[in-house]
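> need a structure here:
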Amino acid sequence: MPEITRDQVKVPADVSADARETYIDNYMAATRGTGRLMLFACDQKIEHLNGDFYGEGIDPADLDPEHLFKIASEGVCGVCAGQRGLVARYAADYPEVNYLVKMNSKTNLVKTAQDDPYSPQLHDLEAVLDMRANGVNVVGLGYTIYLGSEYESTMLAEAGQLIAEAHAAGLLVVLWIYPRGKAVADEKAPALIAGAAGVALCLGADFVKVNPPKATDEATSAENLAVASAAAGRTGLVCAGGSTVDAETFLTQLHDQIHVGHACGNATGRNIHQRSLDEAVRLTKAISAITLADYSVADALAVFKGEKDFAL
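Prediction:
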């Protein structure tokens, strides 16, 4: 199992001296002492409205928002990512969960054909720090940038300022970066995904969440991901989980992303929360077994099937 010590955490130079130990605490908590991130993405209630939580193929339990928090509490996750209001409504009942507050969001109603995407910041850092002062275990922030949008410069500026302020307070930042807009012909082109990873590094993000690049004639998706991971430098790269697929397919893709693509973890939402509580909890353990403990796909599948347990 990959493990790091507190002395091995590379603290960015923009973390204030007073916040250095807080940053290390948050990094160790979020990565469960491994340097890798298992991010449970729970921000889709704005991004995708209710379509991700109710309908054919989705377990009825997912309609209740508390389902997300039960999974995060009973499963094995590094952080649970959601908007400030969502976290504020439930966190008091789930104080043991590490939270990452998503600072911007937009719905999927306005399509790119109508207008390029822009996801504005919903509140300032103080609103999050107030929650943290009230005992909510916030370890980091998240922000989405649509690279290539005509509003790109605004999102880049917001993200850059947010990272500076968050680091000064000892918080981690994960950037969601998706090339999208009328100027973008292929959102999953390998060169664009690698470019997005490099942008996250230059903004100072601790981790960047990207879509897996498409396979090409020359390389698989995971091999192309390795280029993006290298471009990210000391910003850890994690892949979005995408729509729900069978567990074996998902775990195989994840294993390749980490061991071929050199990803530093995963960021999974629908593949987890659209299942029953028991199945979702088992899948978080299987995902974490690969992400945080280097299990093989076969051993992780055994965890998912309940044939062996996994805990950190």
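> Compute the number of surrounding residues for the closest residue in space to residue 233 that isn't next to it in sequence.
In this structure, residue 233 finds its nearest non-sequential neighbour in residue 201, 4.7 Å apart by CB to CB, 6 or more residues apart in numbering. Every residue, glycine included, has its C-beta placed from N, CA and C. Neighbourhood size, residue 201 [other CB atoms under 10 Å]: 16.
> dump the residue contacts of residue 201.
Counting by CB atoms under 8 Å, 6 or more residues apart in numbering, residue 201 makes contact with 208, 231-235.
> Okay, and which of these map to strands?
Judged by DSSP state E, the contacts of residue 201 include residue 208 as members of strands.
> okay, the contacts of residue 201 in a markdown table with pLDDT and distance to residue 308 next?
Listed next are the contacts of residue 201 as a markdown table, based on pLDDT from 0 to 100; distance: CB to CB, whole Å:
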| residue | pLDDT | distance to residue 308 |
| --- | --- | --- |
| 208 | 98 | 32 |
| 231 | 98 | 36 |
| 232 | 98 | 33 |
| 233 | 98 | 36 |
| 234 | 98 | 34 |
| 235 | 98 | 33 |
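> Closest one of the contacts of residue 201 to residue 6?
Checking these against residue 6 by CB to CB gives residue 234 as the nearest, at 17.0 Å.
> Next, that closest one: phi, psi?
phi -90, psi 10 (degrees, to the nearest 10).
> Moving C-terminal from the helix or strand hosting residue 101, which element do we reach first?
Using DSSP states H and E, residue 101 maps to strand 99-102. The helix or strand immediately downstream of strand 99-102 is helix 125-133, counting by DSSP H and E.
> what's that following helix packed up against?
helix 84-90, strand 138-145, helix 152-168 (3 or more CB pairs under 8 Å, 6 or more residues apart in numbering; DSSP states H and E).
> what's the closest of the ones you listed to residue 267?
For residue 267, the closest of those is strand 138-145, at 9.3 Å, according to CB to CB.
> What pairs with the closest one, parallel or antiparallel?
Next to strand 138-145 in the sheet, as set by DSSP bridges, lie strand 99-102 (parallel), strand 172-177 (parallel).
> who touches it?
26, 29-30, 43, 79, 81, 87, 98-105, 119, 121, 125, 128, 131-132, 152, 155-156, 158-159, 162, 166, 171-178, 199, 206, 209.
> Any idea which residue is closest to the centre of this structure?
Nearest to the mean C-alpha position of the chain, by CA atoms, centre = their mean, lies residue 267 at 3.8 Å.
> excluding its backbone neighbours, what's nearest residue 136?
residue 91 is the one closest to residue 136 (CB to CB, 6+ apart), at 4.5 Å.
> Could I get the pLDDT score of that neighbour?
With respect to pLDDT, residue 91 has a value of 98.
> Read off the pLDDT value for residue 300.
pLDDT, residue 300: 97.
> next one: residue 1
pLDDT, read off for residue 1, is 69.
> what does residue 245 give?
In this model, residue 245 carries a pLDDT of 86.
> Now do the same contact list for it.
With contact set as CB under 8 Å, 6+ apart, residue 245 has these partners: residue 271.
> Can you give me the separation between the residue of the chain positioned farthest from its centre and residue 312?
Distance from the centre of the chain peaks at residue 217, with 28.8 Å (CA atoms, centre = their mean). If you measure residue 217 against residue 312 using CB to CB, to the nearest Å, the figure is 40 Å.
> Residue 233 too?
27 Å.
> Buried by neighbour count, from the contacts of residue 201: which ones?
208, 231-232, 235 (16 or more other CB atoms under 10 Å).
> can you tell me which of those are in helices?
Counting by DSSP state H, the buried ones among the contacts of residue 201 place 231-232 in helices.
> quick one on the thing from earlier: can you say which of the helices and strands packed on helix 125-133 is packed in most?
Comparing the helices and strands packed on helix 125-133 by mean neighbour count (mean count of other CB atoms under 10 Å), strand 138-145 comes out on top with a mean of 26.
> Burial check on residue 93, number of neighbours?
Other residues close to residue 93 by other CB under 10 Å number 11.
> so who does it touch?
Residue 93 is in contact with residue 69, counting by CB under 8 Å, 6+ apart.
> Secondary structure class of residue 45, three-state.
helix (DSSP: H, G, I helix; E, B strand; the rest coil).
> just checking, it touches residue 65?
Yes: in this structure residue 45 lies within contact range of residue 65 using CB atoms under 8 Å: 7.0 Å.
> intersection of neighbour lists for those two?
Common neighbours of residue 45 and residue 65 (CB under 8 Å, 6+ apart) are residue 86.
> How about the secondary structure of the residue nearest to residue 267 when sequence neighbours are not counted?
Spatial nearest neighbour of residue 267, excluding adjacent residues (CB to CB, 6+ apart): residue 39 at 4.1 Å. Three-state call for residue 39 (three-state DSSP): strand.
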